[in-house]
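Participant: Please find the sequence and the predicted model below.
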Amino acid sequence: MAHVINPDTCTSCGVCAEACPVEAISEGTDSYVIDADACTDCGTCVEECPTESISEAA
Ligand code: SF4
Ligand code: SF4
């Protein structure tokens, strides 16, 4: 499990990367991306994203 970012709606604002307590989010090619191995599923980024682009992976 981990959280994932929808590249279609992510605006690469960077808010989530600053909010993540374990620094699991970084800037990718088309959008910001979450390192599944580092993500602890805390949910902080979900609340911080202004475009609601982050959700829990199925
Ligand atoms: S759910 Fe928590 S640990 Fe995972 S990417 Fe978001 S802020 Fe970071
Ligand atoms: S906060 Fe949302 S829109 Fe901004 S970089 Fe993160 S996923 Fe993309």
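Facilitator: Everything's here; your move. Residues are numbered from 1 along each chain as shown. Ligands and ions are numbered 1, 2, ... in the order given.
Participant: Contact partners for the closest residue in space to residue 56 that isn't next to it in sequence?
Facilitator: Distances taken as C-beta to C-beta, 6 or more residues apart in numbering place residue 3 nearest to residue 56, at 5.6 Å, with adjacent residues excluded. Placement of C-beta: from N, CA and C, glycine included. Counting by C-beta atoms under 8 Å, 6 or more residues apart in numbering, residue 3 makes contact with 34, 39, 41, 43, 45-46, 54-57.
Participant: Taking those, please make a ChimeraX selection of just the buried ones.
Facilitator: This is the ChimeraX syntax for the buried subset of those, where burial follows 16 or more other C-beta atoms under 10 Å:
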select :34,39,45,46,54
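Participant: of the contacts of residue 3, list those near ligand 1.
Facilitator: 34, 39, 41, 43, 45 (C-beta under 6 Å from any ligand atom).
Participant: quick check, the last one in a helix?
Facilitator: Yes - counting by DSSP: H, G, I helix; E, B strand; the rest coil, residue 45 is part of a helix.
Participant: In contact with it, which residues?
Facilitator: 3, 16, 19-20, 25, 34, 54.
Participant: again with the third one
Facilitator: Residue 41 is in contact with 1-3, 56, counting by C-beta under 8 Å, 6+ apart.
Participant: Can you tell me which one of those carries the smallest pLDDT value?
Facilitator: For the contacts of residue 41, the weakest pLDDT value sits at residue 1, with 83.
Participant: That one and ligand 2, how far apart?
Facilitator: As judged by C-beta to the nearest ligand atom, to the nearest Å, residue 1 and ligand 2 stand 18 Å apart.
Participant: cool, and residue 23?
Facilitator: 13 Å.
Participant: Counting neighbours, what do you get for that residue?
Facilitator: Using other C-beta atoms under 10 Å, residue 23 has 10 neighbouring residues.
Participant: mind listing the strands for the protein?
Facilitator: For the chain, applying DSSP state E gives strands covering 3-5, 25-27, 32-34, 54-56.
Participant: now those as a markdown table including distance to ligand 2?
Facilitator: Formatted as a markdown table, those follow (distance: least, C-beta to the nearest ligand atom, whole Å):
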| stretch | distance to ligand 2 |
| --- | --- |
| strand 3-5 | 4 |
| strand 25-27 | 7 |
| strand 32-34 | 4 |
| strand 54-56 | 5 |
